[in-house]
Every structure is written in structure tokens, then in C-alpha cells.
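**Student:** Predicted structure and sequence below. I'll ask about it afterward.
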Amino acid sequence: AQRVTQPEKLLSVFKGAPVELKCNYSYSGSPELFWYVQYSRQRLQLLLRHISRESIKGFTADLNKGETSFHLKKPFAQEEDSAMYYCALRRTGFQKLVFGTGTRLLVSP
Amino acid sequence: EPEVTQTPSHQVTQMGQEVILRCVPISNHLYFYWYRQILGQKVEFLVSFYNNEISEKSEIFDDQFSVERPDGSNFTLKIRSTKLEDSAMYFCASSARTGDGDQYFGPGTRLLVL
């Protein structure tokens, strides 16, 4: 079975500080990993997918198969980054997304 | 930008009643999904639907649940004989042509079973 673990329920940082939201997964095959973001009173939105190796809103995430991790990073947090962040996994060729419990990021001025 | 829409935004029902949650996926998408999130818990997959058939479902999606695409635009989740533990936020999502495309989520329907 697949599992996604986000160990921090809440991460509180000051504006301009670096941010790392942790995500670990367990899956014996080759997964697809995603980060979704949910801003206050808005819908879940796709932020990053590991296969694209892109940077969105200054966020990056690298898949580390050795450590089975897909941590989300941003060098300088902004107040508008405050949101709920969910890591999700999908088995290649399947549709079901398996989500972590989410981390609330709070960026204070 | 096209979005997935869901109605109603909130629904309160009595235990044992049937509810139908409605979703309008993005118009050119062919894969449709339902997820739910019980308060304080993780978002959980319920079912995926393609070509008028269920393509994948979780163990949560038992005989109490059914999905339907009654016309060219709506995608519905029916919960028969609701239970207290069905209280949750229900999210609809859709994805484009291929089954491994990005899933776009609706705003959710908050269901409260009393």
C-alpha cells in the first residue's frame, strides 16, 4: 500500500526565511509525486509535479528515491505563501492520488 | 480559466437519507473523480470514472455510494442511507484526455449528517 507522511502539522516562519515542508512516502514501485496547495477558502490547486522539475512561485521539490522524500522548499518565504500544503503520490499508470495529512504554513511579517 | 464547479456548497441531511452531490467537470476533460476529507483527516480517494464506467475505486466506496454522468456535463455522487460518519468535505476533480493527467479540483461540498 502507498502512504504519504507529512510530519509537521504546522510550520511557522517569518517573511524572508527559508521554508522546507517535509514529505516522505512509502511505495515499492516508481511513484509520481505532487504538491497541492490550498489557500484560505480556495480549492486545492496543483503546485508542483516531480516529473516537470519546475519552479512555481519560487517553490521547488526534488524527488529523492533513496530517502523516499519529496520535500518542498522555498528560499525566501512570502506572506502570501501562507496556506495548507498537501503532498500526494500516484502510482504510475493509475489515477488515484494518495494524500498526506497536510502542513499548514504560516508566514508572519 | 475553466474550473470544476460543485453544488451545493453545503448540505445538511438526516441520517438514513439519500444525498446527491453534483459536479460539473472542466468541459474537455474525460476522467472524473470523487475524494472526501473528514474534518481533521487527510483527503481520501473514493472513485474514478471514465467512459461511463468506474475505472478505480477505494475500499471506502461501498454499495452505499454510486456515481453517474447523467448528461454531457454533470457528474454526480449519490450516497444512499447516509451515516453520521459520512460527514465530510467531498471534492470532485477532473483530468484531461489521459488518465495520468493533472487533476483539477472543485471547491467541495460540505456534507453534515445529523
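**Tutor:** Arrived safely. Please read these numbers as outputs of a predicted model, since none were measured by experiment.
**Student:** Kindly report the residues of chain B close to chain A.
**Tutor:** On the criterion C-beta under 8 Å from any C-beta of the partner chain, chain A has as its neighbours in chain B the residues B:3-4, B:31, B:33, B:35, B:41-45, B:48, B:55-56, B:58, B:91, B:95, B:99-100, B:102-108. All C-beta spots, glycine's among them, are computed from the backbone N, C-alpha and C.
**Student:** can you give me the strands for the chain?
**Tutor:** I went with chain A, as the question did not name one. For chain A, the strands defined by DSSP state E cover A:3-5, A:10-14, A:19-21, A:24-26, A:31-38, A:45-49, A:60-61, A:72-74, A:83-91, A:98-99, A:103-108.
**Student:** if you could check chain B rather than the one you did, that'd help
**Tutor:** Counting by DSSP E, one finds strands in chain B at the ranges B:5-7, B:10-13, B:19-24, B:31-37, B:43-50, B:53-57, B:65-68, B:75-79, B:88-95, B:104-105, B:109-113.
**Student:** Of those, give the one that comes closest to A:Pro31.
**Tutor:** Using C-beta to C-beta as the criterion, the shortest distance between A:Pro31 and the strands of chain B is 14.6 Å, found for strand B:43-50.
**Student:** Skip the chain neighbours and tell me the closest residue to residue 8.
**Tutor:** Because you didn't say which chain, this covers chain A. In space, not counting the residues next to it along the chain, A:Glu8 is nearest to A:Thr103; the distance is 4.9 Å by C-beta to C-beta, 6 or more residues apart in numbering or on different chains.
**Student:** sorry, should have said chain B
**Tutor:** Nearest-residue entry for B:Pro8: B:Thr109, 6.1 Å, with adjacent residues in sequence omitted and distances by C-beta to C-beta, 6+ apart.
**Student:** what's the spacing between that neighbour and chain A?
**Tutor:** For B:Thr109, the distance to chain A (C-beta to the nearest C-beta, to the nearest Å) stands at 12 Å.
**Student:** quick one: pLDDT of B:Gly99?
**Tutor:** pLDDT for B:Gly99: 58.
**Student:** what about B:Arg80, neighbour count?
**Tutor:** Residues contacting B:Arg80 under the criterion other C-beta atoms under 10 Å in any protein chain shown number 13.
**Student:** do B:Gly101 as well
**Tutor:** When neighbours are counted by other C-beta under 10 Å, B:Gly101 comes out with 14.
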